[in-house]
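> generate a structure from the sequence data that follows.
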Amino acid sequence: MELKKSKVSSFLLLLTAAVLFVAMSTGIVQAQSYVVEQDFTLVNRTGETIVSILLSPTGASRWRAEDELGDYVLKHDHEIDIVFSPWDDARYWDIRAEFADGTYEEWYNFDLFKVSEIILNRNGTASYR
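Predicted structure coming up:
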């Protein structure tokens, strides 16, 4: 009789541990799968053709080397979708647009956790939503 109680107690302890493990594992997986999307649409309203778009987390000492346009150009009144890697987790970003005439303009401090569209203007201003 004592042996049965011991087996039942061991079984219940093991079952409780398994349930707790599954519950904790599920919570951890859910926490890790929560990713804030930073993707946004960039609209060129500068009146110029943009030949290069560089991004940088706000406060970084230099621009990222990757040109978001690649081999393309962004003409006035055109737009492009900027897609981030899920591993990019900075909240605030800066944008540098280089123009066909060799000049550039920079815009700072966009909260990409809240912004889905950024409209660049040549006078250094931008609007967003």
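> every contact and neighbour count from this point should use C-alpha atoms.
Will do.
> domains of this protein?
Following automatic domain parsing, the chain resolves into domains at 1-34, 40-128.
> ramachandran coordinates for the closest residue to Ile53 other than its chain neighbours?
Residue nearest to Ile53 in three dimensions, not counting chain neighbours: Ala97, with 4.8 Å by Cα to Cα, 6 or more residues apart in numbering. Torsion angles at Ala97 (phi, psi; degrees, to the nearest 10) stand at phi -110, psi 130.
> what sits against Ala97?
Contact analysis of Ala97 by Cα atoms under 8 Å, 6 or more residues apart in numbering lists 50-54, 104-106.
> what strand or helix carries Arg64?
Per DSSP states H and E, Arg64 falls between elements, in no helix or strand.
> run a quick neighbour tally on it.
By the criterion of other Cα atoms under 10 Å, Arg64 has 13 neighbours.
> tell me who's in contact with it.
54-56.
> which residues of the chain fall in strands?
40-45, 50-57, 79-82, 92-99, 104-111, 117-121, 126-128 (DSSP state E).
> which one of those lies closest to Tyr72?
Tyr72 lies closest to strand 50-57 among the strands of the chain, at 7.1 Å (Cα to Cα).
> quick one: mean pLDDT for the closest one?
Regarding strand 50-57, the rounded mean pLDDT is 97.
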